[in-house]
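Student: From the sequence below, what's the structure:
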Amino acid sequence: MGEFQRVAERIAQGIFKHKEKHEEGVRPDEVPEIIMGATGQRKINCYPGIPGYGCFNEAWFVSLTSQAYKGRKRGHLSCRQAIEKVVQHMQGSCFNKTRVAVLITDNWDVIAYDEWKANFQQIKSAAHIEIYLMSGPSVSEIHL
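Tutor: Residues are numbered from 1 along each chain as shown. Now for the predicted structure:
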């Protein structure tokens, strides 16, 4: 089990519960509050999120493409976009500042990952990274 699996499960449960209460689904701007509630932290980076907060030790990336979670809301990240955000954040804007990256997706994109696999291997050599596939209120770790 990954170091952050329990937190990833709390995030998936938060998304799932939100969808149960609000038929229209989770809005992209609600994702950071769900993440912060699950982690108990305010000083983390969240994608999708609010830009301009600087770099923190942890970065959380959430990709929601299924109508089961996001409803018809626009502005969510596809898995490909989330993978690209991980690379941009960890090798670009927050290089050597963010030490942990966790990606949660409801639709794993193998082709996109294969295109960025070398970058992920480099990131893994300098930081901790975990990826989870969300199914309902549960997550399964995707081993890199």
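Student: How much space separates residue 105 from residue 95?
Tutor: 23 Å (C-beta to C-beta, to the nearest Å). Heads up, the C-betas are built off the backbone N, CA and C, glycines and all.
Student: More neighbours: which of those two?
Tutor: Each of residue 105 and residue 95 has its neighbours counted (other C-beta atoms under 10 Å); residue 105 has more, 24 against 13.
Student: Can you name the residues bridging to the residue nearest to the more buried one when sequence neighbours are not counted?
Tutor: With sequence-adjacent residues excluded and distances taken as C-beta to C-beta, 6 or more residues apart in numbering, residue 105 is closest to residue 63, at 3.9 Å. Note on residue 63: beta-bridge partners by DSSP bridges are residue 77, residue 105.
Student: Surely residue 63 touches residue 79?
Tutor: Yes - with contact defined as C-beta atoms under 8 Å, residue 63 reaches residue 79; the gap is 4.6 Å.
Student: Quickly list what's touching both of these two.
Tutor: Shared contacts of residue 63 and residue 79 (C-beta atoms under 8 Å, 6 or more residues apart in numbering): 105, 107.
Student: before we move on, back to that, need the contact list for the residue nearest to residue 105.
Tutor: 76-79, 81-82, 103-107.
Student: Out of these, which end up buried?
Tutor: Neighbour counting with 16 or more other C-beta atoms under 10 Å marks 76-77, 79, 81-82, 103-106 as buried within the contacts of residue 63.
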